[in-house]
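Participant: This is the structure alone, sequence omitted:
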Ligand SMILES: Nc1ncnc2c1ncn2[C@@H]1O[C@H](COP(=O)(O)OP(=O)(O)OP(=O)(O)O)[C@@H](O)[C@H]1O
Ligand SMILES: [Mg+2]
């Protein structure tokens, strides 16, 4: 205890000394205030975080482990145990051979259908939403507020209510059952949230920038393309994440508005998992589910980085 | 309606937002090559007026002429105006060169001509070394120079400035103020300049328009505005520290107030005959004579010093006259302390008198 360093630390922790620290006394608090690693707040914080992580990660663990086991091993019952013998056969089967009631092509067909639905849907919906948001934020036209209000109300109407009217709409347009019909549906249903996002983002941009561009003779499109767009990477990434995950995970519209040959991956997955022929192949089902979830996961990981970079770039005020 | 020596004419301009009237029946004639400053308290409609002139806001009623041309329905880019904003509003993802040439490219100007104009503007504003930088890599003063350059390259008739210097620190503001004044002398363009800052207004303006809730209260040279304010509002608004006001009565050439009276001989009345009435006498703190100068002043009196505020070049002394605080501006070298008796002199010819009810100059 005679160690002078520890005496200093004690003095630093003494609140009375801290307040009165007399002139010329060089032993008082100095520099960064020491923080204890195992304070009650920290234990509580990290404890909660670990608990929540386990809660979410455990099912994932079970899925991954099960998908790597053979059926005999699964029947032994230890669902938490890692595989004694790792096999990728279930993954191969889920991708290429698993049977639905209709075909035995595995998920691959659904995957490519989903891609063919996803790419145009994301592009079209983001293009339409960004231009609409820009127009609503910056070019107030007669009735623009009303239009925006109606759009927002649209976000609160349950999808089920609109299912049948849209079937009729698509039939009248001659798009029912086709991929483009589904693209149209995804674009429409993505509008409220994405237009809101874009409108708010553009409205928060300095108005004087927009005015300066108008004085410089730029019109609607030039301001959008040359001034606004280069400044809005972050919001495009956000919108893209919302749309990609939303459209990829969609099941309802996929099953209602397309024919079996165009079924997206989620529908295909459902048909594989729920097919009643033969034994339940848990490992194949787990692998198929993981495969289906992979795309949104990759989007999150890939764009997360871009997202942060985008925000950082926008933060430098110009 | 072609009036060659009027650069900008504003006729009966009204702008309303629903029930709120921001500008009402505003008329303003701005001469060719004139530097007009719009001065007024916050929210009085200065920016709104400027935006109307620029074509960025649609007036509810009225007309705007620029160089004799009715531009009321024209797009901002077709009006022959350039605008400089308070926040600079530079395009962040373009270089300085890109910022300067954006408007010219939109006008489909030939590349060689664009380059020549950018080079010329950069030379005038001394931003040549910065041409390939992005705005984020510029200081506030440099950004504002680029913003001015953006108006300069377009070779416009009228420059509009909306508080261009208010985001800068005091020293830079003073420097750029001089530069803007020099620019105006060199270019001879018409400039309309919005500011909160009296010093900017007084130093830059050929004429100042004092605005209040959407109306022009007085339009005149800085000298007229300062020395012959037409209303109590203008008198109070201009000058720092602000004018002293004494309540009293005007009776046959004499101003009477509680405890004293001032013979107004020497005061130039606005009308040959002014009837007796309640009046307000306004005296600027710097027009109160002290020390040796008292002897030259027609009216003399004595006050007790309440408070002393030394400001370096001069000293502001607070006293009481007729029961109200009275400010006196003294030389910075004067040594006064609280409680001193001070002899002061007043010259009615430098004072301003207002009707107590209408607050208009008598
Ligand atoms: N979109 C709007 N809707 C309703 N009122 C508005 C709107 N824009 C401005 N106003 C009102 O118009 C008045 C004038 O605004 P303006 O921006 O012209 O003031 P200003 O004189 O430039 O003030 P400052 O010196 O603070 O810049 C303000 O009272 C403001 O509240
Ligand atoms: Mg303003």
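Facilitator: Received it, and whenever you're ready, just let me know what you need. What you see is a predicted model; the values in this text were computed from it and never measured. Ligands and ions are numbered 1, 2, ... in the order given.
Participant: Next to chain A, which bits of chain B? Give me the list.
Facilitator: By Cβ under 8 Å from any Cβ of the partner chain, the residues of chain B that approach chain A are B:51, B:54-56, B:75-77, B:81-83, B:85-87, B:89-93, B:102-103, B:106-107, B:134-136, B:147, B:150, B:154. Quick note: C-beta positions are derived from backbone N, CA and C, even for glycine.
Participant: According to the record, where do the domains of chain B fall?
Facilitator: What automatic domain parsing lists as the domains of chain B is B:6-231, B:234-355.
Participant: Quick one: name the residues of the stretch 151-300 of chain B near ligand 1.
Facilitator: Within the stretch 151-300 of chain B, the residues that sit near ligand 1 (Cβ under 6 Å from any ligand atom) are residue B:196.
Participant: And the nearest residue to residue B:274 once chain neighbours are set aside, what's its pLDDT?
Facilitator: In space, and not counting its chain neighbours, residue B:274 is closest to residue B:362: 5.3 Å by Cβ to Cβ, 6 or more residues apart in numbering or on different chains. According to the prediction, residue B:362 has pLDDT 87.
Participant: Next one: residue B:362 from residue B:270, what distance?
Facilitator: Separation of residue B:362 from residue B:270 (Cβ to Cβ, to the nearest Å) stands at 6 Å.
Participant: Quick one: name the residues of the stretch 151-300 of chain A near chain B.
Facilitator: A:206, A:208-209, A:211-218, A:222, A:226-227, A:230-231.
Participant: The residue lying closest to residue A:101 once chain neighbours are set aside in helix, strand or coil?
Facilitator: Among residues not flanking residue A:101 along the chain, residue A:275 sits closest, at 5.5 Å (Cβ to Cβ, 6+ apart). Secondary structure state of residue A:275, per DSSP: H, G, I helix; E, B strand; the rest coil, is coil.
Participant: now do residue B:267
Facilitator: From three-state DSSP, the assignment for residue B:267 is coil.
Participant: go on, residue B:325?
Facilitator: Following three-state DSSP, the label given to residue B:325 is strand.
Participant: Now for it, how many residues are close by?
Facilitator: When neighbours are counted by other Cβ atoms under 10 Å in any protein chain shown, residue B:325 registers 11.
Participant: what's the answer for the one 3 residues further on, then?
Facilitator: Residue B:328 is surrounded by 25 other residues when neighbours are defined as other Cβ under 10 Å.
Participant: And residue B:259, how far from chain A?
Facilitator: According to Cβ to the nearest Cβ, to the nearest Å, residue B:259 stands 54 Å off from chain A.
Participant: which residues does that residue contact?
Facilitator: Counting by Cβ atoms under 8 Å, 6 or more residues apart in numbering or on different chains, residue B:259 touches residue B:322.
Participant: Now do it, the pLDDT please.
Facilitator: 78.
Participant: what's the distance between it and residue B:322?
Facilitator: When residue B:259 is compared with residue B:322 (using Cβ to Cβ), they lie 6 Å apart.
Participant: and what of residue A:29?
Facilitator: To residue B:322, residue A:29 is 58 Å away according to Cβ to Cβ.
Participant: tally of neighbours for the closest residue to residue B:268 other than its chain neighbours?
Facilitator: Of all residues not flanking residue B:268 in the chain, residue B:349 sits nearest, at 6.9 Å (Cβ to Cβ, 6+ apart). Neighbourhood size, residue B:349 [other Cβ under 10 Å]: 13.
Participant: Next: residue A:47.
Facilitator: By other Cβ under 10 Å, 10 other residues sit near residue A:47.
Participant: That one belongs to a strand?
Facilitator: No - Residue A:47 is assigned helix when assessed by three-state DSSP, not a strand.
Participant: show me the residues around it that make contact.
Facilitator: Listed by Cβ under 8 Å, 6+ apart, the contact set of residue A:47 is empty.
Participant: for residue B:326, same thing?
Facilitator: By Cβ under 8 Å, 6+ apart, residue B:326 lies in contact with B:244, B:246, B:303, B:318-320.
Participant: Please tell me the pLDDT value assigned to it.
Facilitator: As summarised for this prediction, residue B:326 has a pLDDT of 93.
Participant: beta partners of it?
Facilitator: Assessed by DSSP bridges, residue B:326 has beta-bridge partners residue B:319.
Participant: Then the one 5 residues further on?
Facilitator: Each beta-bridge partner of residue B:331 is listed here: residue B:314, as defined by DSSP bridges.
Participant: gap between the residue of the stretch 51-200 of chain B found nearest chain A and residue B:227?
Facilitator: Nearest residue of the stretch 51-200 of chain B to chain A (Cβ to the nearest Cβ) works out as residue B:92 at 2.7 Å. Counting by Cβ to Cβ, the gap between residue B:92 and residue B:227 amounts to 46 Å.
Participant: between those two, who's got more neighbours?
Facilitator: Comparing residue B:92 with residue B:227 by other Cβ under 10 Å, the one with more neighbours is residue B:92, at 19 against 15.
Participant: I'd like to know the phi and psi angles of that one, please.
Facilitator: Torsion angles at residue B:92 (phi, psi; degrees, to the nearest 10) stand at phi -70, psi -30.
Participant: Hmm, it is touching residue B:136, no?
Facilitator: Yes - here residue B:92 reaches residue B:136: they are 6.4 Å apart, a contact under Cβ atoms under 8 Å.
Participant: ranges for the helices of the stretch 101-250 of chain A?
Facilitator: In the stretch 101-250 of chain A, the segments counted as helices under DSSP state H, counting those that start in this stretch are A:108-138, A:144-154, A:159-173, A:179-204, A:207-215, A:220-222, A:233-249.
Participant: okay, the ones you listed in TSV with mean neighbour count next?
Facilitator: Putting the helices of the stretch 101-250 of chain A into TSV (neighbours: other Cβ atoms under 10 Å in any protein chain shown) gives the following:
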stretch	mean neighbour count
helix A:108-138	20
helix A:144-154	13
helix A:159-173	13
helix A:179-204	20
helix A:207-215	22
helix A:220-222	13
helix A:233-249	20
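Participant: Now do the contacts for residue 180.
Facilitator: Since no chain was named, I'll use chain A. Residue A:180 makes contact with residue A:120 under the criterion Cβ under 8 Å, 6+ apart.
Participant: Sorry, I should have been clearer: chain B.
Facilitator: Going by Cβ under 8 Å, 6+ apart, residue B:180 touches B:148, B:161, B:164, B:191, B:193, B:204.
Participant: Repeat the analysis, applying 10 Å as the threshold.
Facilitator: Going by Cβ atoms under 10 Å, 6 or more residues apart in numbering or on different chains, residue B:180 touches B:35, B:84, B:144, B:148, B:159, B:161, B:164-165, B:191, B:193, B:200, B:203-204.
Participant: how about a markdown table for those residues, with neighbour count added?
Facilitator: Formatted as a markdown table, those follow (neighbours: other Cβ under 10 Å):
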| residue | neighbour count |
| --- | --- |
| B:35 | 22 |
| B:84 | 28 |
| B:144 | 28 |
| B:148 | 23 |
| B:159 | 24 |
| B:161 | 27 |
| B:164 | 26 |
| B:165 | 24 |
| B:191 | 27 |
| B:193 | 26 |
| B:200 | 25 |
| B:203 | 15 |
| B:204 | 22 |
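Participant: Check the stretch 201-350 of chain B for the residue nearest ligand 1 and tell me.
Facilitator: Ligand 1 sits closest to residue B:211 of the stretch 201-350 of chain B, with a gap of 7.0 Å, by Cβ to the nearest ligand atom.
Participant: For the nearest residue to that residue once chain neighbours are set aside, grab the count of nearby residues.
Facilitator: Counting by Cβ to Cβ, 6+ apart, the nearest residue to residue B:211 once its immediate chain neighbours are dropped is residue B:40, at 3.6 Å. As a burial measure, residue B:40 scores 25 neighbours (other Cβ under 10 Å).
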